[in-house]
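>>> below: sequence and its predicted model.
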Amino acid sequence: MTLYLHELAHTRTGDKGDTSNISLIAFRPEDYGLLLREVTVERVEAWFAHLRDAAAGPVRRYELPQLHALNFVLPGLLRGGVTRSLALDAHGKCLGAALLRMQVQR
């Protein structure tokens, strides 16, 4: 069965300079394993490849099992950061919503 991430989780985002971080938090503890399996570094890198400066460094994933959450750190995603970017969303707040459009297999 194919699901959108927004059916399983919500997000919180943050930024520091040119780096965005996106936390993906399962609504239900029992869905955390599915997030671990399906939402890999490789998939998140591919999902945001059109926005990211890959030369800024690799995407990193941190697992937070106590919170049933994953935190992704994405260097080079904010086009210079809040004070330098001409992007409409220089803070990257909409990036969490963009990640929730990813499909996964149950």
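Alright, I've got the coordinates.
>>> ok, which stretches of the chain are helices?
Along the chain, the segments classed as helices by DSSP state H run 32-38, 41-47, 94-99.
>>> just name the most buried of those helices.
Mean neighbours per residue, mean count of other C-beta atoms under 10 Å, is largest over the helices of the chain for helix 94-99, with a mean of 18. Where C-beta positions appear, they are placed from N, C-alpha and C, glycine not excepted.
>>> dump it to PDB, restricted to CA.
C-alpha atoms of helix 94-99 as PDB (Å, rounded to 0.1, in the frame of the first residue of the first chain):
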ATOM      1  CA  CYS A  94       7.800  25.000   3.500                       C
ATOM      2  CA  LEU A  95      10.400  22.300   3.200                       C
ATOM      3  CA  GLY A  96       8.700  20.100   5.800                       C
ATOM      4  CA  ALA A  97       5.500  20.300   3.800                       C
ATOM      5  CA  ALA A  98       7.500  19.300   0.700                       C
ATOM      6  CA  LEU A  99       8.900  16.300   2.400                       C
END
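>>> tell me what it is packed against?
Contacts defined by 3 or more C-beta pairs under 8 Å, 6 or more residues apart in numbering; DSSP states H and E place helix 94-99 against strand 9-16, strand 19-26, helix 41-47.
>>> the second one pairs with which strands, parallel or anti?
Sheet pairing for strand 19-26, assigned by DSSP bridges, gives strand 9-16 (antiparallel), strand 69-74 (antiparallel).
>>> export the helices and strands packed on helix 94-99 to a markdown table and tack on mean pLDDT and distance to residue 99?
Shown next, in a markdown table, are the helices and strands packed on helix 94-99 (pLDDT from 0 to 100; distance: least, C-beta to C-beta, whole Å):
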| stretch | mean pLDDT | distance to residue 99 |
| --- | --- | --- |
| strand 9-16 | 92 | 6 |
| strand 19-26 | 95 | 6 |
| helix 41-47 | 97 | 7 |
